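>>> Need coordinates for the following:
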Amino acid sequence: MLVHVTYPLSVNILRITLFMLSSNQSEITLQVPPFPSVYFRQTGIVECLAFSNSALTRWWSTTPQDAIINSIGDIPSFRMYKTIRDHAHRELKPGILVVCALIDDQVVGAASWGLPKKLWRSETLAEFIYRKAIEYMDDLEDCLFPSWWNNLPKREEFNRLQQGSLEKYLGSAIDETWYLKVLCVHPGFQRKGIGAKLLDWGLKHARERGEKVYVEASDIGKGLYIKKGFKELGEIVLGDGEVVIPCMIWDPATAPSQDEIAEQPGPIQI
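This is a model prediction of the structure:
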């Protein structure tokens, strides 16, 4: 059983009417942990579909076919198991907060935020021991039963370069910075502003606290980040330039207001 925790934000369940998506006027809501267990599977499916055949996914996949997930049926059972496991155990980390976008209690998008250290939740000794035991078991399982769809050396190269970029561009300031680790929207609901609303959730809290936001942008998301006021710091370059990932920062002191963003031309991309 997962440990339920209280996060140091204003509410545990945040429900915001975002917009009316379809002809039946379905309501969109945002929700933060604790989640019902079914959300872990739904979030995993959304992430697999959202990043299907992306440049980064193609680069670190074992075969070209492993990078393509067009439907739930394309996700092998073991891959699904590990995806659900990772999403469930992510909730245990004191410095991670996942926000889900829902339609009729179905997850259609998600954002995984690395929080500034002041917002990390406190753990009891029992919670700490439980989390560490889970992490150890996950590492052991990954060693004994590797994720065959990933090219492990390439994943390790990405992780190394990602960590190097964090140290280069943020340094000790990472403890005071919001880090958008993952932003994904189900392909069937993209280009409808869901990604923007998930991003705005974090920007709102960061603006209120006077804190910066860091992200490694995908091709599809870069335009949105620029529109919101993110500035490029540098790049993560994988392989021989096969994949280039912009590293971007948002500063509330210089970022445009929501009213100024609304006046800018051009569609929101995710």
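>>> what comes up buried for stretch 155-163?
Within stretch 155-163, the residues scored as buried using 16 or more other C-beta atoms under 10 Å are Phe158. From N, CA and C alone the C-beta is placed, and that goes for glycine too.
>>> which residues sit against it?
Stretch 155-163 is contacted by residues Leu56, Trp60, Glu216, Ile236, Val237, Leu238 when judged by C-beta atoms under 8 Å, 6 or more residues apart in numbering.
>>> Filter the residues you listed down to the buried ones, ChimeraX style.
In ChimeraX syntax, the buried subset of these is picked out as below (16+ other C-beta under 10 Å):
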select :56,60,216,236,238
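>>> can you redo the contacts of stretch 155-163 as TSV with secondary structure?
TSV is the format used below for the contacts of stretch 155-163 (DSSP: H, G, I helix; E, B strand; the rest coil):
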residue	secondary structure
Leu56	helix
Trp60	helix
Glu216	strand
Ile236	strand
Val237	strand
Leu238	strand
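>>> quick one, what contacts the residue nearest the centre of the chain?
The centroid of the chain falls nearest to Val182 when counting by C-alpha atoms, centre = their mean (1.8 Å). Applying C-beta under 8 Å, 6+ apart, we find Val182 in contact with Glu47, Ala110, Ala111, Ser112.
>>> helix or strand right after the helix or strand that contains it?
Per DSSP states H and E, Val182 falls inside strand 178-185. Proceeding C-terminally, strand 178-185 gives way to helix 194-209 as the next helix or strand, assigned by DSSP H and E.
>>> next one: that following helix to chain centre, how far?
Chain-centre distance of helix 194-209: 13 Å, with C-alpha atoms, centre = their mean, to the nearest Å.
>>> now for the longest helix that the chain contains, which elements pack on it?
Secondary structure of the chain per DSSP state H: the longest helix is helix 125-144. Counting contacts by 3 or more C-beta pairs under 8 Å, 6 or more residues apart in numbering; DSSP states H and E, helix 125-144 is packed against helix 77-90.
>>> Good, we can wrap up now.
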